[in-house]
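Novice: model this:
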Amino acid sequence: MGQRVCIIGGSGFVGRAIAQQAVEAGHQVTVACRHPVKARGQLVDGVRLVRADVTDGYGLDDAVAGSDVVINLVGLLFEKGRQNFEAAHVIGTRHVIKACKDSGVKQLLHMSALGAGEVEASKYSQTKARAEHLVCDSGLNFTIFRPSIIYGAGDAFFNKFKAMSQSMPVLPVISGDTRFQPVWVQDVARAFVASIGNRHVAGATFELGGPKSYSFRELLELLVKEMGIKRTLIPVPGVAAFLMAAFTSVLPTPLITRDQLMLLGRDNVVDGEPFPAIFGTPAAVEDVLPTYISGNRADTMQQGWDKMRARYRKGGI
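Specialist: Numbering: from 1, shown residues only. Predicted coordinates:
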């Protein structure tokens, strides 16, 4: 039987994938975001769109009213003005929890990040960890997900470096030996949707990664190989990286920030099982990256969905 699901912060890259799968699974989906007018053309059929802002709690009560399940995806990659880590991750989570309690929501699925709390000097890492503590202490029926880098059609990782490689003869490599375990956005979405109304995941925290880890340099090498181009990868020394972060932090979309630079100094890999077996088998970067990195967005998103459906038919959950 379908559930009534509210996805907070659901108009972005991950939210769209979750909404699509949730609708296909028969759930009634509401997406709450700060700018619904801008998001209208990005969402799937069958989704109700409402305005809400976790930083001040505006619209949250109305957004979650009548919901069985709330999915909190709100997260920032960098700070800009009042949109800062404290407001989005900590205060925002507090507002979400209150709205869930006031509305009698049965289940809260919370998006965190792999390694939350492990980088002491990183505000991103520390606020993600504090948000987790709020969820754990909320008294709600909760499940927490901690993914590594999430990739797929429309991502902000491979596509950013693709754009750089198309405009530059070289690619700067900061902390090239740091290891990551990228996980496909459709696999992340599958974990969330499979958890809706699932009593077996209550109180659990799941780390989500792909089947293998790669150094940052190896990921860039894989990217340029799939694009069929040759680019020289230039290691960036620590001092130069710090100056780059200081300079680009003033841009609307920074190439890198000082907080991200601190995160790059630590491996971001799953401790143990790469991907929870109860959610199926994760796709490999080598299989998914070629389906979208060189094509147009509409075609590659459809290819991604076709690939996912094929995996379901082969015995995925």
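Novice: gap between stretch 70-87 and the chain center?
Specialist: 12 Å (CA atoms, centre = their mean, to the nearest Å).
Novice: what do you get for stretch 95-114?
Specialist: For stretch 95-114 - counting by CA atoms, centre = their mean - the centre lies 17 Å from the chain centre.
Novice: buried set for it?
Specialist: Burial within stretch 95-114, assessed by neighbour count using 16 or more other CB atoms under 10 Å, is assigned to 95-97, 99-100, 103, 105, 107-114. Using the backbone N, CA and C atoms, a C-beta is placed for each residue, glycine as well.
Novice: With stretch 20-32 instead?
Specialist: Q20, Q21, A22, V23, H27, Q28, V29, T30, V31, A32.
Novice: Surely the second one touches R190?
Specialist: Yes. The criterion here is CB atoms under 8 Å, and Q21 meets it with R190 at 6.4 Å.
Novice: quick revisit: pipe the buried residues of stretch 20-32 into TSV and attach pLDDT and distance to D62 per row.
Specialist: Below are these laid out as TSV (pLDDT from 0 to 100; distance: CB to CB, whole Å):
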residue	pLDDT	distance to D62
Q20	93	24
Q21	95	25
A22	96	20
V23	94	21
H27	96	19
Q28	95	16
V29	95	16
T30	95	10
V31	94	13
A32	94	9
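Novice: Next, give me the two most distant ones among the residues you listed.
Specialist: The most widely separated members of those, counting by CB to CB, are Q21 and A32 (17.8 Å).
Novice: Which residue is the nearest non-sequential neighbour of I144?
Specialist: Spatially, and ignoring its direct neighbours in sequence, I144 is nearest to T205 (4.2 Å; CB to CB, 6 or more residues apart in numbering).
Novice: Correction: the previous question concerned F78.
Specialist: That would be T257: by CB to CB, 6+ apart, it lies 4.9 Å from F78.
Novice: What pLDDT is listed against that neighbour?
Specialist: Listed pLDDT for T257 reads 87.
Novice: Could you do V183 as well?
Specialist: pLDDT, V183: 98.
Novice: mind listing what it touches?
Specialist: By CB atoms under 8 Å, 6 or more residues apart in numbering, the contact set of V183 is P147, S148, I149, I150, Y151, L208, G209, G210, F275, P282.
Novice: Please apply the same query to F157.
Specialist: By CB under 8 Å, 6+ apart, the neighbours of F157 are I149, I150, Y151, P182.
Novice: so the second one sits right up against G12, yeah?
Specialist: What it means is I150. No. With contacts counted by CB under 8 Å, I150 stays clear of G12, the gap being 10.4 Å.
Novice: Next step: the contacts of F157 restricted to strands.
Specialist: Residues of these located in strands (DSSP state E): I150, Y151.
Novice: right, and L134 touches V90 too?
Specialist: Yes. L134 lies in contact with V90 (CB under 8 Å); the separation is 7.1 Å.
Novice: Tell me which of I150 and G12 has more neighbours.
Specialist: I150 (23 against 18; other CB atoms under 10 Å).
Novice: Closest one of the contacts of V183 to N268?
Specialist: Checking these against N268 with CB to CB, the nearest one is S148 at 5.2 Å.
Novice: And the pLDDT at the closest one?
Specialist: At S148, pLDDT is 97.
Novice: same deal with V193?
Specialist: 98.
Novice: and it, what element?
Specialist: Element membership of V193 [criterion: DSSP states H and E] is helix 185-195.
Novice: Let me see the ranges of the strands in the stretch 1-150 of the chain.
Specialist: Secondary structure of the stretch 1-150 of the chain (DSSP state E, counting those that start in this stretch): strands at 4-8, 28-33, 47-51, 69-72, 107-111, 142-147, 150-151.
Novice: now these as TSV including distance to E120?
Specialist: Compiled in TSV, those are given as follows (distance: least, CB to CB, whole Å):
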stretch	distance to E120
strand 4-8	28
strand 28-33	32
strand 47-51	36
strand 69-72	24
strand 107-111	22
strand 142-147	18
strand 150-151	24
